[in-house]
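Novice: got a predicted structure plus its sequence, pasted below:
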Amino acid sequence: MPTLAGHVVDLRRRFDGAAPSCILQAVLGEVFTRRIAVVSSFGADSGVLLHLVAGVDPATPVLFVDTGRHFPETLAHRDRLVREFGLRDVRSVGPSPEDVAHLDADLSRATWDPDGCCAFRKIAPLERALAGFDAWITGRKRFQSALRRELPVFEIDGAQAKINPLACWSQADVEDYRTRHDLPAHPLASRGYPSIGCAPCTSAIRPGEAARAGRWRGFEKTECGIHRRSADRVPIPQTVK
């Protein structure tokens with residue numbers, strides 16, 4: 001039985017330079033059948049990955065972290081994509097009402113502890129939801145930020161494999177696919193929001209700014225943390241300020 005590391009090395013060898021559709025057909029229908037999930041923010045570019053996944057197996061589990069702080073437009077976009085793509089197993093996961101009451105009762109934590117807010121609203125719920133899977137798929141791409149510039153298509157995250165089938169795509173590739181397939185646009189995309197997270201931590205970008213410049217504006221934070229290695233993730237806060 002190959003180790004996880006050996007398995008990932010083999011996948012890199014087999015699918016070096018392969019198109020996202022080929023990668024998804026293999027990992028969903030052959031390699032990790034019924035043991036793999038897609039994690040989606042239902043953000044500005046999410047429709048591309050979800051459309052590709054639906055073309056292979058619309059019953060693939062899709063995990064949406066409902067933090068309770070999303071834009072209403074994101075929730076509406078989620079519902080539209082689910083309906084139009086025929087996705088049959090979309091699961092909303094998020095913090096418990098007890099955690100919210102204990103850690104963010106006045107809904108201010110994002111303004112003074114964005115790492116802690118992400119830790120209990122996003123990271124912990126997603127870790128629980130992924131516990132029963134051997135692998136998960138993300139929509140990350142190398143062009144999105146400096147931290148993602150060396151993003152591999154196949155990687156290891158703790159005890160699981162992580163697949164980034166769109167890693168090599170450019171923004172032009174994404175837009176070309178969206179146009180060719182007439183995919184629904186996120187309602188905020190045309191209003192200066194190329195990267196969309198929770199409402200308190202996302203602002204429109206200014207001309208010339210990077211796509212993710214509107215995320216956590218005013219903080220050094222550039223990632224929510226779910227893609228940090230397990231050992232490097234911010235611990236869940238225990239108290240309020």
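Specialist: Received the coordinates, thanks.

Novice: pLDDT weak spots in the chain?
Specialist: 1-2, 145, 147, 228-236, 239-241 (pLDDT under 70).

Novice: tell me the SS of residue 211?
Specialist: Look at residue 211: counting by DSSP: H, G, I helix; E, B strand; the rest coil, its state is coil.

Novice: repeat for residue 173
Specialist: On the basis of three-state DSSP, residue 173 is classed as helix.

Novice: that one: how many residues sit nearby?
Specialist: Residue 173 has 15 neighbours, counted by other C-beta atoms under 10 Å. In short, each C-beta sits where N, CA and C put it, glycine included.

Novice: would you mind measuring from it to residue 90?
Specialist: 25 Å (C-beta to C-beta, to the nearest Å).

Novice: hmm, who's touching stretch 136-146?
Specialist: 24, 27, 36-41, 45-46, 48-49, 53, 63, 130, 148-151, 157, 160-171, 174, 195, 210-212, 222-223, 227 (C-beta atoms under 8 Å, 6 or more residues apart in numbering).

Novice: any of those buried? List them.
Specialist: 24, 27, 36-41, 45-46, 48-49, 53, 63, 130, 148, 151, 157, 160-169, 174, 195, 211-212, 223, 227 (16 or more other C-beta atoms under 10 Å).

Novice: in strands only, show me the residues you listed.
Specialist: The strands, defined by DSSP state E, take in 36-39, 63, 157, 160-163 from the buried ones among the contacts of stretch 136-146.

Novice: max-length helix in the chain?
Specialist: helix 72-85 (DSSP state H).

Novice: buried stuff in that helix?
Specialist: Within helix 72-85, the residues that count as buried by 16+ other C-beta under 10 Å are 73-74, 77-78, 81-82, 85.
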